[in-house]
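Enquirer: Here is my input, please return the structure:
(chains A and B)
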Amino acid sequence: MIWFVSPRCVAVLTGLSPDGSERLQIFFKGPRWEVVCNLPSRGREKQGMFETEPMQNDPSSIAPFDGFGLGLRRTHMDDFLAPFVNGSAPVPVDFVEVISENYMVEGGRQLRLLEEVRARHPVILHGVSMSVGSAGGLDADHLARLKALADRIEPLWVSDHLCWTRTSAHNSHDLLPLPLTRDALDVVCANVDHAQETLGRAMLIENPSSYLTFPEDEMSEWEFLSEMARRTGCYLLLDVNNIYVSSQNHGFATADYLAGLPLDRVRQIHLAGHDPATPERPVIIDTHDRAVADPVWAFFAQAMAAIEQPVAVMIERDANIPPLSELLAELDQARAYSSAPVAA
Amino acid sequence: MSLLAQQEAFLAAILDDEAPLPPGWGKRHQLGMQVYRGNYRSAQMDALADTYTRTAAYVGADAFRQASINHAIARPPSHWTIDAAGEGFAQTCAQLFGGNPEAEELAWLEWVMLELGSAPDCTPLSPEEFAATSAGFGDAEWMGLRLTFQPRAVARIVAHDLTALWQAGGEAAAHRFEGPQGCIAWREGERPTFKLVSAGAAEVFNAMALGAAYADAITILAGDAPSPEAIQQAATAAGAMLGDWLSEGLITALGA
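Expert: Here you go, the predicted model:
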């Protein structure tokens, strides 16, 4: 486990003690890297004394980004490229987010178009197939292609989900739930560490929506996310619709979820629509096929009031995609809710 | 149960409705599992429908849906991209629609066109560059000439008028040729494209893509025990093919 405290300071968790217990070594870079102190691993709780302000070019930190954006879908690609073609005004968004896997290809038109969009807008690479919860580890080909894309596009950041999607044999292409156990946490942290080290940058991990929980769960999802962020140094992508969906499916309070997270690690918020429960199907489903629901807007306003630093807010729509103007109007709603007073 | 074993069991339960759920799971878990099963199936169906719009139009919605289900069961996806779920669908069509072999040909073409769309970008060798390079060729250089084609360019033998089927979006009757024809698919700039050619041209393309020399191409076109006239005609035909491939941007380099 390695923490990049700053470009000149690295903390490494190693097994150095005669009894084999873990120790924390602090390296500072002078003329060469030097160990300046060894601490018992429990000294990690004191690592705050080494923390510095996020520095530019520090791959371990992601500076807050203030803005409102959209998930860029192929349906709207022409709208985003029109300014290049006819000189019209750029689409009024502060950033766009794309599904990483759609562009993890070797060449072709889509990749070039993304580069053109990138010339005008900051781009976030949002993945759906990293599978950080897979007990078998990450897919080397997926990770290598993601790194190549990130190096090419130079995104604001790279994100994926707290979930697993595959075994060594098959891929579900769905965001499957993890048991919230210490064993699963160890797997997730190892995989996030691996991804961040390979990509050479910190990631954002998004909370999923889920439709079942496991009897062996040992902690809440917010505790799981908090510990993951603490151990790996990753940041959080807060999907407020997912929190709402899971809260309704599993019976917890969204306020508890919010209060239990290290909100200073949040860099982005997702908003999306869901399919309500019915008498025949008493499960809410995260569908991204309709407008954001009122209770989600209300929870979004609470989240924005609770988060102190700027965040990137965006609306996801993956099915029944309306004209761009409709999504931009919904994004205006997000702007309004983000500054709306919240009842205590 | 380890996390690894748990995930294998969970995914097996998604793939197979009959697979047992873990001990202790109640109705609430079954409801959740139904959502994951539904998501898995709809992702498969949607991916195949996106890739094979023309094949779907040709065979009809019900037949396509059944083919998609068969394909998902026979070839559950293993790749990280959902686009790969469509790999091998032409073979699925061949098994299901044996009486309509044009469905397999159309599905093959839709797959290779999808693959070409994301193929590595390349710079074609221009006719002028080729002319300059080959200006000093003697017979030995010509006969030993090998070509490198653009990535994922592909050819095969077909029996039906795929051009008409493609242009009609799959919503046309398939015309069967009297004899075998060839089909070459490649990318013009960023645009995947294809054309029907002679069966011999497709055979020569595939042979040269695998490293055959220009002399081998002439031999293939001349047929068995050729007469001097046949060899001359084959050389002329090979030259015409070379000219076509150069003008269409199929060749990226000389030499394997």
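
Enquirer: Only C-alpha atoms from now on, for both contacts and neighbour counts.
Expert: OK.

Enquirer: Bridge partners for the residue nearest to B:Phe194 when sequence neighbours are not counted, pull those for me.
Expert: Once flanking residues are discounted, B:Phe194 sits nearest to B:Ala185: 4.0 Å by Cα to Cα, 6 or more residues apart in numbering or on different chains. B:Ala185 forms beta bridges with B:Val154, B:Phe194, as assigned by DSSP bridges.

Enquirer: Tally up the residues packed near B:Ala185, please.
Expert: Around B:Ala185 there are 20 other residues, counting by other Cα atoms under 10 Å in any protein chain shown.

Enquirer: For the helix ranked longest in chain A, which helices and strands make contact with it?
Expert: The single longest helix within chain A, with elements called by DSSP state H, is helix A:182-199. Secondary-structure packing of helix A:182-199 (3 or more Cα pairs under 8 Å, 6 or more residues apart in numbering or on different chains; DSSP states H and E): helix A:140-153, helix A:221-232.

Enquirer: what would those helices look like in a markdown table with mean pLDDT, mean neighbour count and distance to B:Glu115?
Expert: Listed next are these as a markdown table, based on pLDDT from 0 to 100; neighbours: other Cα atoms under 10 Å in any protein chain shown; distance: least, Cα to Cα, whole Å:
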| stretch | mean pLDDT | mean neighbour count | distance to B:Glu115 |
| --- | --- | --- | --- |
| helix A:140-153 | 98 | 17 | 17 |
| helix A:221-232 | 98 | 20 | 37 |
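
Enquirer: Of those helices, which is nearest chain B?
Expert: Closest to chain B of the helices and strands packed on helix A:182-199, according to Cα to the nearest Cα: helix A:140-153, at 6.8 Å.

Enquirer: anything in the closest one near chain B?
Expert: Yes - with Cα under 8 Å from any Cα of the partner chain as the criterion, chain B is reached by helix A:140-153 at A:His142.

Enquirer: gap between that helix and the chain center?
Expert: Relative to its chain's centre, helix A:140-153 lies at 17 Å (Cα atoms, centre = their mean, to the nearest Å).

Enquirer: Could you do stretch B:24-43 as well?
Expert: Distance, centroid of stretch B:24-43 to centroid of chain: 35 Å (Cα atoms, centre = their mean).

Enquirer: for that stretch, which positions count as buried?
Expert: Neighbour-count burial for stretch B:24-43, counted by 16 or more other Cα atoms under 10 Å in any protein chain shown, picks out B:His29, B:Leu31, B:Gly32, B:Met33, B:Gln34, B:Val35, B:Tyr36, B:Arg37, B:Asn39, B:Tyr40, B:Arg41, B:Ala43.

Enquirer: quick one: is it near chain A?
Expert: Yes - Stretch B:24-43 comes into contact with chain A (Cα under 8 Å from any Cα), by way of B:Arg28, B:His29, B:Leu31, B:Gly32, B:Met33, B:Val35, B:Tyr36, B:Asn39, B:Tyr40, B:Ala43.

Enquirer: And for the one helix or strand B:Ala131 maps to, what's in contact with it?
Expert: B:Ala131 belongs to helix B:127-134 when elements are defined using DSSP states H and E. Applying Cα atoms under 8 Å, 6 or more residues apart in numbering or on different chains, the external contacts of helix B:127-134 come out as B:Gly243, B:Leu246, B:Ser247.
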